[in-house]
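Chemist: show me the folded form of this:
(one chain, ligands or ions: 1)
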Amino acid sequence: MNILSGRFQKFIRNFTQLIDTAGGDESLLIPRGKVILSQLVAADDWLPDRYAQPHPQYYQQYLLHADPSDRFSVVSFVWGPGQKTPIHNHTVWGLIGMLRGGEHAENFCLGAEGRPMQACGAQQLRPGVVESVSPITGDIHRVSNLFEDRVSISIHVYGGNIGRVCRDVFDPQSGTRKPFVSGYSNEGEVCTTSAAPLRVL
Ligand SMILES: [Fe+2]
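Modeler: Next comes the predicted model:
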């Protein structure tokens, strides 16, 4: 991944230092991590085109950096016009920094078993804005490109090797969960020792 710029390399150095210091303490990681990610997405001149390519049918998740000890990973999330995720969780903390375009994020809470899922808040993300998700404060959401006519891109940092984490998608009407492992859109250039099965949504 050495085609990534000095700006990105500095971001990785700063984030690695934060993880070294804070360990898994989210009360430190999330506020300090937001500041570091804000600095990265303050300018949109560093992401190589190969990690900014949309797919006509599916949103893309390109791995930009994986910590050697799987303590965190960084991806570019690329939305084609009008694309959206299913309702899903993360099971690890996450930071979302908007780089280009915009996103609409809808949060959900699990209701009684077999009942429709409850919407519990929504946000619109614009370039430069950083948001967070966490299993502690709520990490179930559905995200869509705010635009029907252009590509949007956000940079995500997760508390694990997110493409290898087993998590869930949810049926909005019943809350029934179905496990999935996302993988990465650039699997061909990703080195990994994980044997987890892959299924890209
Ligand atoms: Fe998400």
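Chemist: what does stretch 63-77 contact?
Modeler: Contacts to stretch 63-77, defined as Cβ atoms under 8 Å, 6 or more residues apart in numbering, come from residues 1, 4, 8, 11-12, 15-16, 19, 47, 51-52, 59-62, 96, 99, 153-164, 184, 186, 190, 192. Every residue, glycine included, has its C-beta placed from N, CA and C.
Chemist: output it as PDB, nothing but the C-alphas.
Modeler: C-alpha atoms of stretch 63-77 as PDB (Å, rounded to 0.1, in the frame of the first residue of the first chain):
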ATOM      1  CA  LEU A  63      -8.600  -2.000   2.700                       C
ATOM      2  CA  LEU A  64      -6.000   0.900   3.100                       C
ATOM      3  CA  HIS A  65      -4.200  -0.400   6.200                       C
ATOM      4  CA  ALA A  66      -4.400  -3.300   8.600                       C
ATOM      5  CA  ASP A  67      -2.600  -3.200  11.900                       C
ATOM      6  CA  PRO A  68      -0.200  -6.200  12.000                       C
ATOM      7  CA  SER A  69      -1.800  -7.200  15.300                       C
ATOM      8  CA  ASP A  70      -5.400  -6.700  14.100                       C
ATOM      9  CA  ARG A  71      -5.900  -3.900  16.600                       C
ATOM     10  CA  PHE A  72      -7.400  -1.600  14.000                       C
ATOM     11  CA  SER A  73      -8.000  -1.300  10.200                       C
ATOM     12  CA  VAL A  74      -8.600   1.600   7.800                       C
ATOM     13  CA  VAL A  75     -10.800   1.300   4.700                       C
ATOM     14  CA  SER A  76     -12.200   3.600   2.000                       C
ATOM     15  CA  PHE A  77     -15.900   3.100   1.600                       C
END
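Chemist: quick check: buried residues in it?
Modeler: 63-67, 70-77 (16 or more other Cβ atoms under 10 Å).
Chemist: what segments of the protein are helices?
Modeler: 6-22, 26-41 (DSSP state H).
Chemist: would JSON lines of those with mean neighbour count, mean pLDDT and distance to S144 be doable?
Modeler: JSON lines is the format used below for the helices of the chain (neighbours: other Cβ atoms under 10 Å; pLDDT from 0 to 100; distance: least, Cβ to Cβ, whole Å):
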{"stretch": "helix 6-22", "mean neighbour count": "15", "mean pLDDT": "96", "distance to S144": "26"}
{"stretch": "helix 26-41", "mean neighbour count": "18", "mean pLDDT": "97", "distance to S144": "19"}
